[in-house]
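Participant: build the 3D model from these lines:
(chains A and B)
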Amino acid sequence: DAKTTQPNSMESNEEEPVHLPCNHSTISGTDYIHWYRQLPSQGPEYVIHGLTSNVNNRMASLAIAEDRKSSTLILHRATLRDAAVYYCILRDDNNDMRFGAGTRLTVKP
Amino acid sequence: DAGVIQSPRHEVTEMGQEVTLRCKPISGHDYLFWYRQTMMRGLELLIYFNNNVPIDDSGMPEDRFSAKMPNASFSTLKIQPSEPRDSAVYFCASTQDRQNTEAFFGQGTRLTVV
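Facilitator: Coordinates of the predicted model:
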């Protein structure tokens, strides 16, 4: 069973920031938080990951709560091409990678 | 590297037939994962390997499903006999042996059992 909880769906307007939340209250100290997204008719693709500190890359930012029980993926300016299902997963020291239902992001022009 | 390569991209077969899905992971990756995706059940982890050894096959739905990894560059997922409820998209993914690395997914095999 997935160890994360995400809203089923979210909407955003084009060129506005999007904050996608994820709860992982049972996270252990060695679990990494990973985000993937799946565009229509494609396999999932990596977005970002982190352990304790906030992270930035060219695609997005990841904000991790101080107690690590939740995190937020931030898309700074959503585009129509960002419409996808976003998955937050925990990767443990066995490298187990189980996906939940994710959040379906709709971007309106 | 060409990424994770899955074949075939599409497979249509009749109920009762044997189906073999293939995956070539990225060279140097130690972990290989097989997933099944359906509208009803989402993206399910079926089995994963570390250095060609199965680590967790608890997601394999039943004995009709089997997976092998004979070497570091090849894995198969076999369904025998296939049933209509096996119709799904099957994804393979590979990653290095570290939690802080990204996993790469193949384009998937769309299986239809009629």
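
Participant: who in chain B is up against chain A?
Facilitator: Residues of chain B that fall close to chain A, judged by CB under 8 Å from any CB of the partner chain: B:31, B:33, B:35, B:42-45, B:48, B:50, B:55-56, B:91, B:93, B:95, B:97, B:99-100, B:102-108. In this view, the C-beta of every residue, glycine as well, is placed from N, C-alpha and C.

Participant: quick check: ChimeraX command selecting the buried ones in those.
Facilitator: Selection of buried members from the residues of chain B next to chain A for ChimeraX, criterion 16 or more other CB atoms under 10 Å in any protein chain shown:
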select /B:31,33,35,42,43,44,45,48,56,91,93,95,99,103,104,105,106,107,108
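
Participant: quick one: which of the residues of chain B next to chain A sit in helices?
Facilitator: Per DSSP state H, helices hold no members of these.

Participant: how close does the residue lying closest to A:S70 once chain neighbours are set aside sit to A:T5?
Facilitator: Excluding the flanking residues, the one nearest A:S70 by CB to CB, 6 or more residues apart in numbering or on different chains is A:N23, at 5.0 Å. As judged by CB to CB, to the nearest Å, A:N23 and A:T5 stand 4 Å apart.

Participant: ok, A:Y46 touching A:N57?
Facilitator: No: using CB atoms under 8 Å, A:Y46 makes no contact with A:N57, being 9.7 Å away.

Participant: the more surrounded of these two?
Facilitator: Neighbour totals were compared for A:Y46 and A:N57, and A:Y46 leads with 18 against 11 (other CB atoms under 10 Å in any protein chain shown).

Participant: next up, phi/psi of that one, please.
Facilitator: phi -70, psi 140 (degrees, to the nearest 10).

Participant: bridged to it, which residues?
Facilitator: Beta-bridge partners recorded for A:Y46 (DSSP bridges): A:Y36.

Participant: residues touching it, list them.
Facilitator: Applying CB atoms under 8 Å, 6 or more residues apart in numbering or on different chains to A:Y46 gives the contacts A:34-36, B:102-104.

Participant: can you lay out these as CSV showing pLDDT?
Facilitator: Shown next, in CSV, are those (pLDDT from 0 to 100):
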residue, pLDDT
A:H34, 96
A:W35, 97
A:Y36, 98
B:E102, 92
B:A103, 95
B:F104, 96
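
Participant: closest to A:H19 out of those?
Facilitator: Of all the contacts of A:Y46, A:W35 has the smallest distance to A:H19: 12.5 Å, by CB to CB.

Participant: name the nearest residue to the closest one, sequence neighbours excluded.
Facilitator: A:W35's closest residue in space is A:V47 (CB to CB, 6+ apart), at 4.2 Å.

Participant: burial count for that neighbour?
Facilitator: A:V47 - counted by other CB under 10 Å - has 21 other residues nearby.

Participant: what's the spacing between it and A:Y32?
Facilitator: 13 Å.

Participant: do B:D57 as well
Facilitator: 23 Å.

Participant: where are the low-confidence patches of the chain?
Facilitator: Just going to use chain A. A:1-2 (pLDDT under 70).

Participant: to clarify, I was referring to chain B.
Facilitator: Using pLDDT under 70, chain B drops low at B:1.

Participant: list the contacts for the residue of it most remote from its centre?
Facilitator: In chain B, the residue that sits farthest from the middle, by CA atoms, centre = their mean, is B:N100; the gap is 22.3 Å. By CB under 8 Å, 6+ apart, B:N100 lies in contact with A:32, A:49, A:51.

Participant: sweet, I'm off.
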